[in-house]
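# return atomic coordinates for the entry below.
(2 chains)
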Amino acid sequence: MDWITEPFQHEFMRRVLVGGALIGFTGGFLGAFIVLRRLALMADSLSHSLLPGLALGFMLFGLAPMGLFFGALVAALIVAVGAQMIARSSRLKEDTALGVLYTVAFSLGVVLISLVKVRVSLVHYLFGNILGLSNADLWMIWGISLVVVPLLAALQRPLLLTLFDPVVAETQGIRVNRLNLLLIVALVLTMIASLQAIGVIMLLGLLIAPAATVFLLCDSYPAMLWGGGAIGMFGSCLGLVLSYRLNLPSGACIVLTLGVIFFAAYLFSPRYGILRKILRGRHFHQESLARWSNDKSDQGSPPSI
Amino acid sequence: MGIWGCLGGFDFSMMTRPPFTTVHGLEVSDLTVSYNRIPALHHINFSVNCGQCVGLLGPNGAGKSTLLKVLAGLLPKETGRIAFHGRETHGASQDFAYLPQREAIDWDFPTTVRGLVEMGRYLRVGWWRSYSQEDAAVVDQAVTAMQLGPLAQRQISALSGGQQQRAFLARALAQQAHVFLLDEPFTGLDQPTQVNLKQLILELRDQGKLIVASHHDLTSVRELFDQVILINGELIASGRVEDVFTEENLQMTYNTPTFAGPTGRAHDHPHD
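Numbers count the residues shown, from 1 in each chain, chains lettered A, B, ... in the order given. You can find the predicted model right below:
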């Protein structure tokens, strides 16, 4: 027990854990929308396209968090909007356009960061470094979480209709396009908040693993939102403690913890778990065999269904 | 003949009543809809009263889904007018419920049958307020009317095809819609299920709802519908089944190239 609680005694570790809990909850909460709207590729692309924005922000404003924040926001939105524009103005589908754009943006980011060569290390942005979490970063995380979660919670009914069936939602008078745009902005904000802890490459895991876990456990939409948030929060905090204890990179520890939880649900979920599927299959097979043999002994004819 | 001239040889005596005199129902006049400037529906005119079950027939690509979607307010109309109870509709309306084809639904979505029906109430309830007892009562009624009581807590993928259709009808009922726009509701259902669904739809009709359903199985038209609308890019005929569902009209509907406008996609005008 001491092994778990001891880190909380350091002021720095407390700050890190608060930050981890916040981004875990926000990411997990938002993840439900990403999973149900099938935006995983979009989310991955956008997280990678944060990189050139960070590099430019650093070149223009130095390490000031606001400069990095706006650089990342603008870069991700350019990629998101640009992919839509390419998809609409040519015969390419959006996933293809997005794939091209985000890899180009990511490469641009790598080149820019290599050119700058001062203090900031590429690895830091790619894999995250929670040790770099400053007070200003923590304030930003608070700010973003307190905007994103209440906003999405308030809009959960129109969002539900949109996610379930955008066509019908439109007939019910919902502004589907606006909601989609709002979702993308919320996504980018959440990614910027989580960047410091997790890094560009593994961001997607924090976003969708918790929601995917809940999706395997139950059939309730509110449970996906709040349950995803809870799992994300728990996984982040546990991952951070492990990272501190075992002296391992924070982002990888968080995503690995969430991964373990996900695979446990995949195997053991009482409703949609793989083990249950296998066991149930065998059960039916035996029932079927029993029915055949009964029918044959009774009448010697094939059973009626 | 006026604007009717462009419909070429359309015989108005086959309609049960002259167009645009009804008020208690749906009137469509001179409706044109285009995708990327290529017309999919051309100067469509018809009017139907409430309390009818209307079949929308035509070959693939004739614009059946397009017509349903434009009635639902999902597609912009290029020209023309759609009026319900004498008032022109603009875009989406709570009076219209659109039921998409079953393939268009993500059946793994985490919601139960009851949750799906409750979605029909959302916009009446608003974004914030919780369900009132009245809302719950409306949902209960819709669930019962569509015989979904025992299935209410099931996840929607654990339903059969007919049950899925009923769940969506129940949602439209909970929305308290007056016009039900159904896209191929009978497709893929076996005979008993089709009969059951038909009975439920007829009950809705007897309550004064207007049901417009696209359909492609010509053999079951007579038992399912009171009225039919035959389209093939343009209107071929509309009216009571006995009057309009004739060999001659079917020939015109199915055995002519789809009308795509004077500058259309290499199709000829069917009545030139």
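
# need the strands for the chain, in chain order.
Just so you know, I chose chain A. Here chain A has no strands by DSSP state E.

# try chain B instead
B:25-35, B:38-49, B:52-57, B:79-84, B:87-88, B:96-99, B:179-182, B:210-214, B:227-231, B:235-240.

# the worst-scoring helix or strand of chain B on mean pLDDT and chain A, are they touching?
Least confident helix or strand, chain B: helix B:122-125 with a mean of 77, by mean pLDDT, DSSP states H and E. Yes: residues of helix B:122-125 contacting chain A under C-beta under 8 Å from any C-beta of the partner chain: B:122, B:123, B:125. Bear in mind the C-beta positions are built from the backbone N, C-alpha and C, glycine included.

# quick one: buried residues of that helix?
B:122, B:123, B:124 (16 or more other C-beta atoms under 10 Å in any protein chain shown).

# now do it: which elements does it pack against?
helix A:156-164 (3 or more C-beta pairs under 8 Å, 6 or more residues apart in numbering or on different chains; DSSP states H and E).

# is chain B within reach of the helix it packs on?
Yes: counting by C-beta under 8 Å from any C-beta, chain B is contacted by helix A:156-164 at A:157, A:158, A:160, A:161, A:163, A:164.

# show residues contacting that helix.
A:33, A:36-37, A:152, A:168-169, A:172, A:174, A:176, A:179-180, A:183, A:221-222, A:225, B:106, B:109, B:111, B:119, B:122, B:125, B:127 (C-beta atoms under 8 Å, 6 or more residues apart in numbering or on different chains).

# now intersect those residues with the helices, please.
A:33, A:36, A:152, A:168-169, A:176, A:179-180, A:183, A:221-222, A:225, B:119, B:122, B:125 (DSSP state H).

# give me the neighbour count for residue A:66.
11 (other C-beta atoms under 10 Å in any protein chain shown).

# for residue 102, what are its contacts?
Since no chain was named, I'll use chain A. A:44, A:45, A:46, A:48, A:49, A:79, A:83.

# my bad, chain B
B:161, B:164, B:165, B:187, B:188.

# that older thread, can you pick the most crowded of the contacts of residue A:102?
residue A:49 (30 neighbours).

# I'd say it and residue A:75 touch.
Yes: shown here, residue A:49 and residue A:75 form a contact pair, counting by C-beta atoms under 8 Å, at 5.3 Å.

# now the common contact residues for the two.
Counting by C-beta under 8 Å, 6+ apart, the residues touching both residue A:49 and residue A:75 are A:105, A:109.

# pLDDT wise, what is residue B:202 at?
With respect to pLDDT, residue B:202 scores 88.

# now do residue A:23
Residue A:23 carries a pLDDT value of 92.

# can you list the low-confidence ranges for the stretch 101-250 of chain B?
Low-confidence segments of the stretch 101-250 of chain B, defined by pLDDT under 70: B:127-128.

# now the helices for it?
For the stretch 101-250 of chain B, the helices defined by DSSP state H, counting those that start in this stretch occupy B:113-119, B:122-125, B:133-145, B:161-174, B:191-206, B:221-224, B:241-244, B:247-254.

# report whether the longest one contacts chain A.
The one in question is helix B:191-206. No: Helix B:191-206 is not in contact with chain A by C-beta under 8 Å from any C-beta; minimum separation 14.7 Å.

# contacts for that helix?
B:51-53, B:145-147, B:160-162, B:165-166, B:169, B:173, B:180, B:185-186, B:189, B:211, B:213, B:220, B:223-224, B:226.

# report the buried members of those.
For those, buried by 16+ other C-beta under 10 Å: B:51-53, B:145-146, B:161-162, B:165-166, B:169, B:173, B:180, B:185-186, B:189, B:211, B:213, B:220, B:224, B:226.

# need the residues of the stretch 51-200 of chain B near chain A, please.
B:69, B:72-74, B:91-94, B:96-98, B:100, B:104-106, B:109-112, B:115, B:119, B:122-123, B:125, B:127-128, B:155, B:175.

# filter those to the buried ones?
Using 16+ other C-beta under 10 Å as the burial test, these include B:69, B:72-74, B:92-93, B:96-98, B:100, B:105, B:109-112, B:115, B:119, B:122-123, B:155, B:175 as buried.

# before we move on, the earlier item: the contacts of residue A:102 in helices, which ones?
Using DSSP H, the contacts of residue A:102 in helices are A:44, A:45, A:46, A:48, A:49, A:79, A:83.

# buried sites along stretch B:64-77?
Going by 16+ other C-beta under 10 Å, stretch B:64-77 has these buried residues: B:64-75, B:77.

# I misspoke; the intended subject was stretch A:219-232.
Quick answer for stretch A:219-232 (16+ other C-beta under 10 Å): A:219-221, A:223-232.

# do it and chain B meet at all?
Yes: using C-beta under 8 Å from any C-beta, stretch A:219-232 reaches chain B at A:219, A:220, A:221, A:223, A:224.

# of these, closest to residue B:32?
residue A:221 (39.6 Å; C-beta to C-beta).

# so residue A:116 makes contact with residue A:58?
Yes: look at residue A:116 against residue A:58 with C-beta under 8 Å: they come within range, at 6.3 Å.

# just to revisit the earlier point, which residues touch the least confident helix or strand of chain B?
A:157-158, A:160-161, A:172-174, B:94, B:131-132, B:135, B:175-176.

# stretch B:45-54 now?
Contacts for stretch B:45-54 (C-beta under 8 Å, 6+ apart): B:7, B:17, B:19-22, B:24-31, B:178, B:201-202, B:205-206, B:208-213, B:224-229, B:235, B:238.
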